[in-house]
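S.K.: The sequence and its predicted three-dimensional model are supplied below.
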Amino acid sequence: MTDFEQIYRDYFHDVFLYVRRLSGGDERLSEDITGEAFFRAMKRIDTFRGDCDIRVWLCQIAKNCYYTHLKQSRRTEHTADIGQLIETGESPDEILLRSENARQIRRLLHELPNPYKEVFMWRTLGEMSFKDIGKLFRKTENWACVTYHRARKMLRTGMEVDENEK
């Protein structure tokens, strides 16, 4: 068995869970994205510098794969909104407001500097404990907790600033 096969066996489930959380629980999409992420990681394993836990590196690749998928699927977003309008009975304004808030949060999250962005995503999307996040970053549990709460504050402030600019 090669070293990469062992990496795959050790981390596939963790990366899958992370992507599943990112995708809102879509199992099939999560499997596809996770597979794509490991394929890309296999091609680039020689670029892994070891600055962080390999799980963080793999999940970063998976997150990029997921965002690429979102960009490619935006072309069909309007069709999905119409279907949702029919299914839920929501007004177009309600759907637009909800989707605008989601876009705003995604944009603000994308703009967060590291390590705030990564810690926030591990905590909310990866459902990891502060202790485990601290271990990933080779820091303390307290560092992970403080970093997460600072990230939340940055997001909240960004939402307020955006709201005041409207």
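M.R.: That came through, no problem. Residues are numbered from 1 along each chain as shown.

S.K.: list the buried ones in stretch 35-45?
M.R.: In terms of neighbour count (16 or more other CB atoms under 10 Å), stretch 35-45 has its buried residues at 35-38, 41. Using the backbone N, CA and C atoms, a C-beta is placed for each residue, glycine as well.

S.K.: Determine how far the lengthiest helix in the chain lies from the middle of the whole chain.
M.R.: Longest helix of the chain, by residue count under DSSP state H: helix 141-165. Put simply, helix 141-165 sits 16 Å off its chain's centre (CA atoms, centre = their mean, to the nearest Å).

S.K.: Show me the shaky parts of this structure.
M.R.: Across the chain, residues meeting the criterion (pLDDT under 70) sit at 1-2, 74-101, 162-163, 165-166.

S.K.: which residues are contacting stretch 127-139?
M.R.: The contact list for stretch 127-139 (CB atoms under 8 Å, 6 or more residues apart in numbering) reads 17, 21, 52-53, 55-56, 115, 118-119, 122-123, 140-145, 148.

S.K.: can you do 7 Å?
M.R.: 21, 52-53, 55-56, 115, 119, 122-123, 140-141, 143-145, 148 (CB atoms under 7 Å, 6 or more residues apart in numbering).

S.K.: For the residues you listed, which two are the farthest from each other?
M.R.: Comparing every pair within the contacts of stretch 127-139 by CB to CB identifies 21 and 140 as the most remote, at 24.2 Å.

S.K.: More neighbours: which of the two?
M.R.: Neighbour totals were compared for residue 21 and residue 140, and residue 21 leads with 16 against 13 (other CB atoms under 10 Å).
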